[in-house]
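# coords please:
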Amino acid sequence: MGSAKTIVWFRRDLRIEDNPALAAAARDGNVFPVFIWCPKEEGQFYPGRVSRWWLKQSLVHLGKSLKSLGAELVLIKTQSTLTALQDCISATGATRVVFNHLYDPVSLVRDHSIKEKLVELGISVQSYNGDLLYEPWEIYDEKGHAFTKFDTYWDRCLHMQMEPVTHLTPWRLAPAAGIVEKCSVDELGLENEAEKSSNSLLGRAWSPGWANADKALTEFVEHHLVDYSKNRVRVGGQSTSLLSPYLHFGEISVRKVFQSVQMKQLMWAKEENSAGKESVLLFLRAIGLREYSRYLCFNFPFTHERSLLGNLKYFPWNADQTNFKAWRQGRTGYPLVDAGMRELWATGWLHNRIRVIVSCFAVKVLLLPWRWGMKYFWDTLLDADLESDILGWQYISGSLPDGHELERLDSPEVQGSKYDPEGEYVRQWLPELARMPTEWIHHPWDAPISVLQSAGVELGQNYPKPIIDIDLARERLTEAIFKMWEMEAAARASNSSGANEEVVDNTDDTENLHIPKVIVKERAPCPTYSSNDQKVPTNLNFRNGDPFPRKRPKYAEEEEERQQPDPLHNHDKVAGPLRVEEDECSTAESSAAKKQATSRCSFSVPQYCCSSSEGNPMQECETSDPKQPWKAQLDVEHS
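Numbers count the residues shown, from 1 in each chain. Have a look, this model is predicted:
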């Protein structure tokens, strides 16, 4: 063991086992573990109540584990992560900072900026892959393009050689001495007094912490994995792995999950267990979707603001706050949708099938902007994960080449009969329908008056009537799609040069999409960089000079450049749309080259406050005001 002093910056890698950053620091010398909480930098993606509860419990668990190894986890609440790290360096005399990668656009910008500034101060900074099987910059097609379909991406991953690397758990940590202004876990402010009573219920169902994650994995692999293919369509009971919160907070490595499941795959293949083999393939596909979500966000960092494809550019969203409120509260009149939304609010958890159903209802039945739903899921899910959230909502809104067709609208009544045939799930979360016969449980509006009276149901009184007839919803969706096409055609016709706009949809051949060629920038040799470090993508070789499926008129770009505020430092003004050049750059290329353009190379994370007016369909607009009208009333609505 060397004598170097290293700061281990924990983020969403709250574990001891298979933690490459911690293992590297422990191997080379003294360790100073630190978790920095900076609400200001979280911006509009400040975690919701249940997500913050999990984070708090996980930090407590991690702190005890580190203490047993000889090092104390230092908790810091600050206004600037960079300043906090600099304070730790000054207090300890550390010469090195290590951390594990994050891939969402906001973290990419922040991490790269911090790294450059620390390097300028002479600090060695190294980062590692502690979250994925493969780094996003390792998987491209033969032409060097990023994959835009999951099946082709995942097929490439499965055919790549993966070394079974495991970073051993350190048996002892040599602490680096230093005094900094730290706080207790309660002083981080992750949980206020008003939330504690609701949060106490979470502790009965969940056990955060990396050691508990290991137990959850063992329980699933040994007892539930074999029936995963059969049970995954059930919306109640132990039908999924329940590992997603642990994976989000990095309490277990995806590498360990993958290898544990592969061991079962080999065993069941030898035993010719067809059900087990099918379950493994489906579960590994779920792991692949998580990988793919980070892959898309890294290579196309604008996807947190707009769809990957340009097909929704002119879609006439119905930005109706009343409908949005009814959907959030589980008051749409469609039992399966309402049961899902009430479970989400009560527990912070939803079965993946229910997530798809309620999301499709919001987007295709109510025509609500998909980004509204994405942000609400972020605020309320226990396993709220930005990249997975983006992938899911873009998938169901037809924004991905292999996503749902935009015109596909499934009836909640039919889905209820399929996924909750006995009505048990609906009865659990909608007590007002508890006595409804199974025959009518998913469509009470069709039940005879006598049946409703016997069940104690008064439609429009103790349970709402359907917010919209499903056939009418189909007609409106079709009208909206036709209107979108008309506006696309009008935009193309008004473009005299034929190059200002190009909007595509799922029916187009994705091989011909103007998807940018993504090339990872190579750096000059530097003692602070290693082959493990975070790469910086740059998009080159755009066809016809068009880096994305569409390009805005030149005059609009010039106007936006003049009005563009600094999204990292100006939080009180409305943030304008990002220029195309900004969307394609996930991090600043170098501090020297970008000092003159800090605001233009940073991501502006949008707020989801939108409006519509006749003749001007709802456009995707942004605001940096963290207080939403619907968000401010959230606690009152559900009290």
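# any weak-confidence spans in this structure?
1-2, 163-167, 236-238, 496-639 (pLDDT under 70).
# can you give me the strands in the protein?
4-10, 29-37, 74-77, 96-100, 124-128, 517-521, 536-540 (DSSP state E).
# for the shortest one, packing partners?
Applying 3 or more Cβ pairs under 8 Å, 6 or more residues apart in numbering; DSSP states H and E, one finds that strand 74-77 makes contact with strand 29-37, helix 81-92. Just so you know, the C-beta spots here come from the backbone N, C-alpha and C atoms, and that holds for glycine as well.
# how about 10 Å then?
Counting contacts by 3 or more Cβ pairs under 10 Å, 6 or more residues apart in numbering; DSSP states H and E, strand 74-77 is packed against strand 4-10, strand 29-37, helix 49-69, helix 81-92.
# so which of the ones you listed is nearest Leu168?
The closest of the helices and strands packed on strand 74-77 to Leu168 is helix 49-69. By Cβ to Cβ, the value is 12.6 Å.
# what's the angle from the closest one to strand 29-37?
For helix 49-69 against strand 29-37, the angle by axes from the mean of the first three to the mean of the last three Cα atoms, to 10 degrees is 160 degrees.
# sorry, back to before: looking at the strands of the chain, which is nearest to His223?
When these are ranked by proximity to His223 (Cβ to Cβ), strand 96-100 comes first, at 30.2 Å.
# and the gap between the residue lying farthest from the centre of the chain and Gly456?
Residue farthest from the centre of the chain, counting by Cα atoms, centre = their mean, is Ser450 at 46.3 Å. Distance from Ser450 to Gly456, counting by Cβ to Cβ, to the nearest Å: 12 Å.
# check Arg371 too.
Here Arg371 is placed at a distance of 39 Å from Gly456 (Cβ to Cβ).
# more neighbours, the two?
Taking neighbours as other Cβ atoms under 10 Å, Arg371 and Gly456 compare with Arg371 leading, 23 against 13.
# surely that one touches Phe324?
No. Counting by Cβ atoms under 10 Å, Phe324 is not a contact partner of Arg371; they are 11.7 Å apart.
# where's Lys307 relative to Trp370, distance?
Quick fix: residue 307 reads Ser, not Lys. As judged by Cβ to Cβ, Ser307 and Trp370 stand 8 Å apart.
# what residues do these two have in common as contacts?
Residues touching both Ser307 and Trp370 (Cβ atoms under 10 Å, 6 or more residues apart in numbering) are 315, 390, 393-394, 397-399, 620.
# tell me which of those fall in helices.
390, 393-394 (DSSP state H).
# can you lay out those residues as TSV showing distance to Arg342 and neighbour count?
TSV is the format used below for those (distance: Cβ to Cβ, whole Å; neighbours: other Cβ atoms under 10 Å):
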residue	distance to Arg342	neighbour count
Ile390	25	26
Trp393	20	25
Gln394	25	25
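# including distance to Gly460, could those residues go into a markdown table?
Shown next, in a markdown table, are those (distance: Cβ to Cβ, whole Å):
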| residue | distance to Gly460 |
| --- | --- |
| Ile390 | 37 |
| Trp393 | 31 |
| Gln394 | 36 |
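# which non-adjacent residue is nearest Arg52?
Of all residues not flanking Arg52 in the chain, Leu190 sits nearest, at 4.3 Å (Cβ to Cβ, 6 or more residues apart in numbering).
# how many other residues sit next to the one you found?
As a burial measure, Leu190 scores 22 neighbours (other Cβ under 10 Å).
# which among the helices and strands packed on strand 74-77 is found nearest to Pro170?
Nearest to Pro170 among the helices and strands packed on strand 74-77 is helix 49-69; the distance by Cβ to Cβ comes to 6.2 Å.
# give me the angle between that closest one and strand 4-10.
Using the same axes, to 10 degrees, helix 49-69 lies at 150 degrees relative to strand 4-10.
# could you pull up the residues touching the residue nearest to Leu284 when sequence neighbours are not counted?
Distances taken as Cβ to Cβ, 6+ apart place Val261 nearest to Leu284, at 6.2 Å, with adjacent residues excluded. By Cβ under 10 Å, 6+ apart, the residues touching Val261 are 217, 220-221, 225, 228, 241, 279-281, 283-284, 287.
# go again with 8 Å.
221, 225, 280, 283-284, 287 (Cβ atoms under 8 Å, 6 or more residues apart in numbering).
# can you check Tyr228 too?
Counted by Cβ under 8 Å, 6+ apart, Tyr228 has contacts 240-241, 279-280, 282-283.
# quick one: which of those residues is nearest to Phe10?
Ser241 (24.2 Å).
# count of residues packed around the closest residue to that closest one other than its chain neighbours?
Distances taken as Cβ to Cβ, 6+ apart place Phe220 nearest to Ser241, at 4.5 Å, with adjacent residues excluded. When neighbours are counted by other Cβ under 10 Å, Phe220 registers 20.
# neighbours of Ala24, how many?
Neighbour count of Ala24, defined by other Cβ under 10 Å: 19.
# for it, which non-adjacent residue is closest in space?
Leaving aside its sequence neighbours, Ala24 sits nearest to Val98 (Cβ to Cβ, 6+ apart; 5.7 Å).
# same check, this time on Gln57
Pro208 (3.9 Å).
# pretty sure the one you found is touching Pro245, no?
Yes. With contact defined as Cβ atoms under 8 Å, Pro208 reaches Pro245; the gap is 7.2 Å.
# would you list the phi and psi of Lys465?
When read as degrees, to the nearest 10, the backbone of Lys465 gives phi -70, psi 160.
# what's near enough to touch it?
Applying Cβ under 8 Å, 6+ apart to Lys465 gives the contacts 333, 445, 459.
# neighbour-wise, which of these leads?
Using other Cβ under 10 Å as the neighbour criterion, Gly333 leads these with 20 neighbours.
# how about the residue nearest in space to the middle of the chain: what's its closest non-neighbour residue?
In the chain, the centroid-proximal residue (Cα atoms, centre = their mean) is Leu386; its distance is 2.0 Å. Excluding the flanking residues, the one nearest Leu386 by Cβ to Cβ, 6+ apart is Asp104, at 4.8 Å.
# also Trp54?
Leaving aside its sequence neighbours, Trp54 sits nearest to Pro208 (Cβ to Cβ, 6+ apart; 5.0 Å).
# tell me, how many residues neighbour the one you found?
With other Cβ under 10 Å as criterion, Pro208 counts 24.
# could you do Asn30 as well?
22.
# who touches it in this structure?
Shown in contact with Asn30 (Cβ under 8 Å, 6+ apart): 3-6, 174-177.
# if you set the cut-off to 6 Å instead, what comes out?
By Cβ atoms under 6 Å, 6 or more residues apart in numbering, the contact set of Asn30 is 5, 174, 176.
# quick check: Lys375 vs Leu14, distance?
According to Cβ to Cβ, Lys375 and Leu14 sit 24 Å apart.
# so between the two, which is more surrounded?
Leu14 (27 against 22).
# from memory Trp268 sits against Lys277, does it?
Yes. If you go by Cβ atoms under 6 Å, Trp268 and Lys277 touch, sitting 5.3 Å apart.
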